[in-house]
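1. Coordinates only, no sequence provided:
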């Protein structure tokens, strides 16, 4: 029995890794300007090629692909942490309004700096997004203390998200700057305009945070079985909850700072991963969530770029198309099992 389970896990991770490789190759190869596979190989492994093709691969497509992998994985793991914290399968940074809070503060900081003819660094964007995430999370936790039903908490989170989005849209609409078009694209969710500085910063922040989450696998596993059980196993519940909130907020902030709010990834991917693995063990689910989030976002970004080229869709619109049916399925399944 154990051998069968181990085989299933190996197959599941192998399947996710294979999909990841396929979508990486597909994203590098596919675009408004066609570049042959031979040219791509020469550019990637030999550093040779036509200047235009070299620039497109190294300065446009590769940073965008890596951003989709890193931020997709981060958002998925953040969703898993929030679902663990609230004990609800449809809790996520987007649904609870955490991403919208981060978007609001980042927008205010960007507009302020643009008005001073300054450009916000990656570190400033992440810090601003983290502050916004924590403010929204604070409101969500206050509501959580007042309401007993989880549905009321989810609705409150959605309302917080709407308020933050409305204020952000108002601020962006009346902002006076030539770069406001880029800001508007970012506020809708997009992996475009990524550069290597962004990729380095998000890689460091995400790697450190996800590693800390992975090291918390045992306490998370105990917490899934109930607070009483976790306390008996020696888990400091207050400290553990604070850690979950901080880590999920950092991951969510990192995503929002660079790509804007992205919907449904944090809900759909953890559920799909658990269904694939047939287990909720954090030791397996956390790395699988990261891989799954990377695959999901690469696939959606490919569609966003190419479906109506040269017009580009917002990544959030595409993730909603594929993620929303998963959420509906979760709600129907919970209703039947209730």
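-> Yep, it's here. Keep in mind that this is a model prediction, so the values were computed, not measured.

2. how about the helix or strand hosting residue 255: buried residues?
-> Following DSSP states H and E, one finds residue 255 within helix 237-259. Of the residues in helix 237-259, 240, 243-259 count as buried by neighbour count, 16 or more other Cβ atoms under 10 Å. No exception for glycine: its C-beta is placed from N, CA and C like everyone else's.

3. Would you mind confirming that residue 91 is in contact with residue 81?
-> No: here residue 91 does not reach residue 81: they are 9.3 Å apart, not a contact under Cβ atoms under 8 Å.

4. Comparing those two, which residue is more hemmed in?
-> Each of residue 91 and residue 81 has its neighbours counted (other Cβ atoms under 10 Å); residue 81 has more, 30 against 26.

5. ok, that one - contacts?
-> By Cβ atoms under 8 Å, 6 or more residues apart in numbering, residue 81 lies in contact with 213, 244, 247, 248, 251.

6. Which members of those residues define the maximum pairwise distance?
-> Longest distance between any two of these is 11.0 Å, between 244 and 251; criterion Cβ to Cβ.

7. closest to residue 145 among the contacts of residue 81?
-> Distance to residue 145, by Cβ to Cβ, is smallest for residue 244 among the contacts of residue 81, at 16.4 Å.

8. what about the closest one, distance to residue 73?
-> The gap separating residue 244 from residue 73 is 18 Å, by Cβ to Cβ, to the nearest Å.

9. got it, and residue 109?
-> Taking Cβ to Cβ, one finds residue 109 at 25 Å from residue 73.

10. go on, residue 292?
-> 8 Å.

11. and what of residue 120?
-> For residue 120 relative to residue 73 (Cβ to Cβ), the value is 24 Å.

12. swap in residue 263?
-> Here the criterion is Cβ to Cβ. By it, residue 263 lies 16 Å from residue 73.

13. just residue 108 next, same as before
-> On the measure of Cβ to Cβ, residue 108 and residue 73 end up 28 Å apart.

14. Check residue 241 too.
-> For residue 241, the distance to residue 73 - Cβ to Cβ - is 23 Å.
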